[in-house]
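1. Using only what follows, build the 3D model:
(2 chains)
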Amino acid sequence: MTQASLAQAADPRKPWTDPVAEPFVRIEAVTKRFLDFTAVDAVSLDIYRSELFCLLGGSGSGKSTLLRMLAGFESPTSGRIIIDGQDMTDVPPYERPINMMFQSYALFPHMSVEQNVAYGLKQDGVPKAEIARRVAEMLDLVKMGQFVRRKPHQLSGGQRQRVALARSLVKRPKLLLLDEPLGALDKKLREETQFELMKIQQALGITFIVVTHDQEEAMTLSSRMGVMNHGRIVQVGEPHDLYEFPGNRFVAEFIGSVNLFEGTLVEDEPDHVRIDSPDAGCTLFVNHGISSAPAQMVEVAIRPEKIRLSRQHPDQTDNVASGVIDEIAYMGNLSVFQIRLKTGKMIRVTRPNLDRYDEMPLQPKEPVFCSWGSASGVVLSA
Amino acid sequence: MRRRSTSLKVLALTGFAFLYLPILTMVVLSFNESRLVTVWSGFSPKWYGELLHDDQILGAAMISLKIAFISASLAVVLGTLAGFALSRFPKFRGKVALTGMVSAPLVMPEVITGLALLLLFVAMESLLGWPKGRGVVTLIISHVTFCMAYVAVVVQSRLADMDGVIEEAALDLGARPWRVFVDITLPMIAPALVSGWLLSFTVSFDDLVISAFVSGPGYSTLPMVIFSKVRLGVSPEVNALATMMIVVVGIGVVLFTWNAARLHRMRQREERAAAAGL
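-> Residues are numbered from 1 along each chain as shown, chains lettered A, B, ... in the order given. Next up, the predicted model:
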């Protein structure tokens, strides 16, 4: 995980790689308890200026509570929240230089699109002419300029989403919080909007914190993401790092799909490990070292797209497992193979459909060899 | 199938008869020429004419309207504040007590409320010298007391249905809590305020028992006058007055329902159009 990051130390676009960079949002050991339920458990997190940071987690993972504490709707049981050098822990929501885009959009139903967007500026006593100009500018940015007089119920879901975005951006907040911003849109619209959201974020340079349960969305949007589970941050990193170097089983399984093999550590060198895995029916060779006691039980995670299938035994002794194809699911761009290994374990392999026709396509019930390179697997710590 | 629909019809007719037959009887009898209410002697609108010259009834009606109007308006203000506090404030000292007290007038027998208020007014007058005697002021105070309970309940349930996120959005945009209440909460609960006001108006206009306790000489409300007249035998004038009230209320209800249905249809059309991407 660290090799990839350190290679580009102090990249100005990646302030988190710079050890002296000052974080913009600093969450210090924040805990939130509701009666006897701990929603957020001692979370510490640094987020840098102009980042698009995604908080990813399932329902009940505490991501929304954390967001609500940043907005000021909940106050932490303990810990501090510092934004741009100022302690915001006890500042009420209407005095924070932060805006939020709500999952349900929360548009004011009795106000027109224009009035909705202007509302925040009015509270700050901005002159009328400037309000009109900034509202028009913002509505043009989200391509809602022609709907200014409409009421929220006269808009489609996608249009409401744009108005909500415009309303939360028009005050030029230091930090924008987005709670499942694309959750209510259908798949196609969601994909289009993702890129638009990124473009807007880059154009305005505002720091975004996005809460989502959709790992694909988080991967697409974020500069960095934090995976949450049971009120704790499990791992923080760039999407690439989290996918390729998941720190533990939860992250590996939550982001993408993964095959897990159990095994015993037989060789532990600084540059490689060898694991005897009765699960896979072969020796697993991974080209990164781990520091742990010998003969320890470990898990190795291998992504389905990193496994090759062949009829002949490949030219390697480690990382080869043989099995029988159980089922094939054709998905168009790729095919998903369910393979039953000789050991009885089921694994999942995906293969891109490079050509329209395969001269000798693999068939269900056919025996195959599954193999992968030494850089494909990753040893999980827990 | 056929038998079932007949029995349904019979049921429906029985229901309607149960609800409307008494009213219908009264309307018909208001056109009775006879002074004896229960004996039909011919059609005549003369009691309507007499009613217009009966200063006692007209005076009582004016007092009742005035009291109902003022009480309903005050009750909406106080009831809204109470309902808002109960449903939106997280926790405060005495919340349980307030919840109980707000709904107490709804379940308390009117005789007890009336007596309690009377005792209070008498005690207040001898200790503070206010309110002087019993009349419009004491009537209004008493009516506000129980009307407020209705408004609080209506507002509270409306707020419970309403998504608190919309108010949070306003806070987030920099509006202080009081501004949020005025700009966002009030417009959104406006329908509840209207129905709370109408309910209060009706309840206040209708009240007999509590009013009887807290009003003084010269301040008889309409129900009190009607009741005292009925004790001497129902006057056909009362029938005429009731019929006029039914007509006014009926027209109001029809217009209101028609308008609500129209707005609802319009809104649905707009929502469909929006969903279709127009």
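
2. Point out where chain B drops to low pLDDT.
-> For chain B, the stretches flagged by pLDDT under 70 are B:1-4, B:277-278.

3. At which residues are the helices of it located?
-> Shown for chain B, the helices assigned by DSSP state H span residues B:2-29, B:46-53, B:55-88, B:95-107, B:110-128, B:136-161, B:164-172, B:177-180, B:186-206, B:209-214, B:222-231, B:236-275.

4. Give me the contact status of stretch A:201-220 with chain B.
-> No. Stretch A:201-220 lies out of reach of chain B by C-beta under 8 Å from any C-beta of the partner chain, never closer than 13.8 Å. C-beta here means a position set from N, CA and C on the backbone, and glycine is covered the same way.

5. ok so, going back, adding mean neighbour count and distance to A:F24, write the helices of chain B out as JSON lines.
-> Formatted as JSON lines, the helices of chain B follow (neighbours: other C-beta atoms under 10 Å in any protein chain shown; distance: least, C-beta to C-beta, whole Å):
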{"stretch": "helix B:2-29", "mean neighbour count": "11", "distance to A:F24": "68"}
{"stretch": "helix B:46-53", "mean neighbour count": "15", "distance to A:F24": "78"}
{"stretch": "helix B:55-88", "mean neighbour count": "19", "distance to A:F24": "33"}
{"stretch": "helix B:95-107", "mean neighbour count": "13", "distance to A:F24": "40"}
{"stretch": "helix B:110-128", "mean neighbour count": "14", "distance to A:F24": "60"}
{"stretch": "helix B:136-161", "mean neighbour count": "22", "distance to A:F24": "37"}
{"stretch": "helix B:164-172", "mean neighbour count": "22", "distance to A:F24": "19"}
{"stretch": "helix B:177-180", "mean neighbour count": "16", "distance to A:F24": "28"}
{"stretch": "helix B:186-206", "mean neighbour count": "18", "distance to A:F24": "35"}
{"stretch": "helix B:209-214", "mean neighbour count": "22", "distance to A:F24": "63"}
{"stretch": "helix B:222-231", "mean neighbour count": "17", "distance to A:F24": "68"}
{"stretch": "helix B:236-275", "mean neighbour count": "14", "distance to A:F24": "38"}
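
6. wait, which of these is closest to A:V273?
-> Proximity to A:V273 (C-beta to C-beta) singles out helix B:164-172 among these, at 49.9 Å.

7. I'd like to check the angle between that closest one and helix B:186-206, please.
-> Orientation of helix B:164-172 against helix B:186-206 (axes from the mean of the first three to the mean of the last three C-alpha atoms, to 10 degrees) gives an angle of 120 degrees.

8. Report the distance from helix B:164-172 to the chain centre.
-> Distance of helix B:164-172 from its chain centroid, counting by C-alpha atoms, centre = their mean, to the nearest Å, is 32 Å.

9. okay, the angle between it and helix B:136-161?
-> Put simply, helix B:164-172 runs at 100 degrees to helix B:136-161, going by the same axes, to 10 degrees.

10. packing partners for helix B:164-172?
-> With contacts taken as 3 or more C-beta pairs under 8 Å, 6 or more residues apart in numbering or on different chains; DSSP states H and E, helix B:164-172 sits against strand A:98-101, helix B:177-180.

11. if we can go back for a sec, same list (the helices of chain B) but as JSON lines, adding distance to A:N229.
-> JSON lines is the format used below for those (distance: least, C-beta to C-beta, whole Å):
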{"stretch": "helix B:2-29", "distance to A:N229": "58"}
{"stretch": "helix B:46-53", "distance to A:N229": "77"}
{"stretch": "helix B:55-88", "distance to A:N229": "33"}
{"stretch": "helix B:95-107", "distance to A:N229": "36"}
{"stretch": "helix B:110-128", "distance to A:N229": "56"}
{"stretch": "helix B:136-161", "distance to A:N229": "33"}
{"stretch": "helix B:164-172", "distance to A:N229": "25"}
{"stretch": "helix B:177-180", "distance to A:N229": "35"}
{"stretch": "helix B:186-206", "distance to A:N229": "37"}
{"stretch": "helix B:209-214", "distance to A:N229": "60"}
{"stretch": "helix B:222-231", "distance to A:N229": "66"}
{"stretch": "helix B:236-275", "distance to A:N229": "37"}
